[in-house]
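Undergrad: Show me the folded form of this:
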Amino acid sequence: MRTLLELDPSLGAVTGVYGQEGVGSGKTLSTFLLGPTLAIARGVDPEGPSAPRTLLLVPSDTHMRGKGQTFQRLAEWQKHYRIPAAHAGVGDHSLGTFFVVSHGQASIPQNTDLFHRIRPELVVIDEAHAFAGDSVRRRRLVSWFADEDGAAKYGISPRLCVFSGTLWKKAFEDISVFLEICLRHNVPAPVMGSNPYEIQQRLMIWASVLDAHGEPDWIAKRALEPLCKWATMYRTGLGADASRNVAQSALKDSVARYRPPGAASRVRSPAALRRASRVEQTSRAFQREARQAFQLRLELTPGVVLTRSVSCEARLVVEEDTRPGPFAFEVAEFASTWTLPPCEAAPNGEELQEAKDYARHVKTLRWGFFRVWDWASVGFPGCPADPDYDSQAIPPGDHEWLAARRGWNAAEDEYIRNHGTVGSDSGALARKLAAEGELGPSATAAWQRWAAVKDKYWSVDPESGAKLRQPPGRIVWLDKGRTRQALRETLDRFMADATAPGVIWYSSPALGAILADLGFSVFGRGSDTPPSSTKFPACSINVHGTGKNMQAWSNALVLEPPVSNYRWEQLIGRHHRPGQQADEVRFRICGEIPGAAWQEAVTALDMSSQRPRLLLADRVRP
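TA: Here you go, the predicted structure:
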């Protein structure tokens with residue numbers, strides 16, 4: 001497999017690197033070496049003023065404070081490699097040639113012109129999966145590379161190099177933008193052309209086949225059929241050069257322009273149902289074939305660095321406890337009062353305010369609690385924690401405030417999505433423009449309604465510590481004593497069965513508080529990696545579940561299982577990584593890994609050459 005140093009640094013003026021590398025493969029060191037490598041390729045001094053300006057985006061603010069492993073090891077790396085002095089934090093392009101900025105700093109309103117101040121010729125992103133989705137930092141990154149007011153304004157042809165072990169999460173959209181910017185004319189995706197609408201339509205058709213939960217129709221199959229044929233031709237010995245040309249021409253014209261066949265609604269016979277089942281099986285087989293064809297096309301693309309397997313010799317075991325949890329009866333009783341998602345009410349009848357609240361309640365109810373806004377503390381009567389609560393009654397809360405909040409959130413999202421640019425690419429900046437009446441009459445009206453009530457409530461997010469304009473939250477316990485007892489029994493079994501020290505992984509701050517009461521060392525928000533001398537540390541998945549080296553522990557207990565494959569890949573990779581000295585790494589799961597995560601793992605295997613750790617593990621169930 002090609003390594004970073006085997007890549008030709010002169011692939012083209014605007015060619016970068018798309019690196020999907022496994023945990024522990026040296027990504028962090030590679031990100032620091034790319035700038036000097038490009039300087040040497042240009043024949044200039046890597047540490048001199050003529051070196052290309054490089055912006056390195058790193059995942060954690062602890063790196064910026066010098067407490068993380070990256071900056072602790074930088075001085076040692078500089079003894080062996082010609083790495084220039086790093087300016088930690090946002091600066092001006094005249095200060096030097098190497099800037100290291102955290103993902104968080106790239107998102108705040110004050111840094112709306114971050115790329116314009118630094119004017120990087122090379123942008124390198126470590127743990128680039130954090131730039132997936134519709135985020136402020138992703139929009140700023142794309143604007144620098146794609147907009148006329150970006151790098152082109154300064155006569156710069158920038159390169160982008162991204163590295164992560166989980167670039168592919170579950171949607172084709174997660175990687176399509178990276179592929180286009182990093183690889184440009186080599187891009188193995190249908191982004192060629194000048195019509196944005198046609199490009200978007202092609203991407204949607206591809207996504208219906210390549211996404212983990214995609215459902216392709218016959219139009220999508222027609223669109224990707226040339227890619228599958230190309231892969232077959234390549235595997236039968238056509239040759240790389242000719243097959244690349246076939247694939248590239250197919251990608252360019254992959255918009256289907258066929259009229260779908262009509263069908264009258266009718267009751268299906270048993271024979272028709274059997275045929276439908278065969279069609280569904282054929283469709284799944286086509287999806288796998290198309291994904292594997294895309295993987296092959298990606299692997300052969302210049303500028304792509306992939307790892308084929310996890311370089312860790314330790315056996316990996318995932319042990320799922322599928323027995324009913326301590327609150328199984330209560331969970332079933334609550335669930336019987338809910339509607340199917342999207343659900344509009346919490347288990348106690350209170351109105352859900354965010355779409356993600358439903359999944360959060362499902363996860364935390366296993367341990368007998370859920371979190372809702374505490375309307376009673378701000379003058380509104382609260383709902384009782386009673387499964388017999390009348391869900392048809394008007395839920396508690398300040399409904400005028402809730403309506404104004406929803407209206408402004410919708411207007412803000414629409415403006416940023418369609419008109420966001422430097423000075424207006426984040427919520428805070430959009431609010432500033434709205435206050436000045438510069439967003440148009442509809443958005444301005446929504447802002448005025450929200451501005452009249454927005455400062456009514458304040459609280460602090462228990463997970464991030466951020467100050468929020470919303471009522472404070474409260475934890476509703478079904479039976480806190482029973483939760484403590486069940487947690488204590490689970491931990492006692494884990495420590496008794498463990499042949500070596502292990503980490504206790506949790507997500508909810510409420511569970512972290514109980515773990516602290518039970519005498520465990522808890523490492524949550526604002527904490528560094530636990531010292532290796534701690535036998536059974538309790539660590540937050542949200543804080544330490546990515547980018548940390550936890551190979552000092554070979555056992556793990558997961559109290560709240562993540563729901564996606566990429567989260568599992570990151571979490572298991574903290575322990576199962578190069579340098580692990582134990583013969584076996586064992587994960588004990590309270591509950592079972594959701595089926596969606598397994599489905600995403602299979603898709604990730606088809607879409608890249610990297611085998612997800614979930615599929616490497618020996619699965620044990622009682």
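
Undergrad: Please make it C-alpha for all contacts and neighbour counts, starting now.
TA: Noted.

Undergrad: Could I get the buried residue list for the helix or strand containing Thr603?
TA: Thr603 is part of helix 595-607 when elements are defined by DSSP states H and E. If you call a residue buried by 16 or more other CA atoms under 10 Å, then helix 595-607 has these buried ones: 597-598, 600-607.

Undergrad: just stretch 470-489 next, same as before
TA: By neighbour count, with 16+ other CA under 10 Å as the criterion, the buried positions of stretch 470-489 are 470-473, 476-478, 483-484, 486-487.

Undergrad: average pLDDT across the helix or strand where Asn409 lies?
TA: For Asn409, the enclosing helix or strand under DSSP H and E is helix 399-419. Per-residue pLDDT values across helix 399-419 average out to 84.

Undergrad: Same question for stretch 373-388.
TA: Stretch 373-388 shows a mean pLDDT of 63 in the predicted model.

Undergrad: picking up where we left off before, Glu21: which of the buried residues of stretch 470-489 is nearest?
TA: Ranked by distance to Glu21 (CA to CA), these are led by Leu487 at 36.4 Å.

Undergrad: In this structure, what helix or strand scores lowest on average pLDDT?
TA: helix 240-252 (a mean of 44; mean pLDDT, DSSP states H and E).

Undergrad: ok, for Pro501, nearest residue in space, not its chain neighbours?
TA: Lys535 (4.9 Å; CA to CA, 6 or more residues apart in numbering).

Undergrad: my bad, Trp401
TA: Nearest residue to Trp401, sequence neighbours excluded (CA to CA, 6+ apart): Val453, at 6.2 Å.

Undergrad: burial measure for that neighbour, as a count.
TA: When neighbours are counted by other CA atoms under 10 Å, Val453 registers 15.

Undergrad: Repeat that for the one 5 residues further on.
TA: For Trp458, the tally of surrounding residues (other CA under 10 Å) stands at 12.

Undergrad: can you pull the contacts of it?
TA: 467-472 (CA atoms under 8 Å, 6 or more residues apart in numbering).

Undergrad: of those residues, closest to Trp553?
TA: Nearest member of the contacts of Trp458 to Trp553, counting by CA to CA, is Lys467, at 34.7 Å.

Undergrad: Give me the pLDDT for that closest one.
TA: pLDDT, the model's per-residue confidence, is 80 for Lys467.

Undergrad: same question, the one 10 residues further on
TA: Here the pLDDT value assigned to Trp477 is 88.

Undergrad: Would you format the buried residues of stretch 470-489 as JSON lines with distance to His419 included?
TA: Shown next, in JSON lines, are the buried residues of stretch 470-489 (distance: CA to CA, whole Å):
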{"residue": "Gln470", "distance to His419": "27"}
{"residue": "Pro471", "distance to His419": "31"}
{"residue": "Pro472", "distance to His419": "33"}
{"residue": "Gly473", "distance to His419": "34"}
{"residue": "Val476", "distance to His419": "41"}
{"residue": "Trp477", "distance to His419": "44"}
{"residue": "Leu478", "distance to His419": "46"}
{"residue": "Thr483", "distance to His419": "48"}
{"residue": "Arg484", "distance to His419": "50"}
{"residue": "Ala486", "distance to His419": "51"}
{"residue": "Leu487", "distance to His419": "49"}
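
Undergrad: Those residues in strands, which ones?
TA: Judged by DSSP state E, the subset of the buried residues of stretch 470-489 located in strands is 473, 476-477.

Undergrad: Tabulate these (JSON lines), appending distance to Leu29.
TA: Converted to JSON lines, these look like this (distance: CA to CA, whole Å):
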{"residue": "Gly473", "distance to Leu29": "42"}
{"residue": "Val476", "distance to Leu29": "46"}
{"residue": "Trp477", "distance to Leu29": "46"}
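
Undergrad: following the helix or strand where Glu289 lies, which helix or strand shows up next?
TA: Glu289 belongs to helix 270-299 when assigned by DSSP H and E. Scanning forward in sequence from helix 270-299 by DSSP H and E, the next helix or strand is strand 304-306.

Undergrad: what's the average pLDDT for that next one?
TA: Per-residue scores along strand 304-306 average to 83.

Undergrad: mean confidence for the very next helix or strand once past it?
TA: Past strand 304-306, heading to the C-terminal end, the next element that is a helix or strand (DSSP H and E) is strand 315-321. Here the mean pLDDT over strand 315-321 is 91, rounded to a whole number.

Undergrad: Please name every helix or strand in contact with the strand or helix carrying Ala220.
TA: Under the criterion of DSSP H and E, Ala220 resides in helix 218-235. For helix 218-235, the helices and strands in contact under the criterion 3 or more CA pairs under 8 Å, 6 or more residues apart in numbering; DSSP states H and E are helix 196-210, helix 240-252, helix 270-299.
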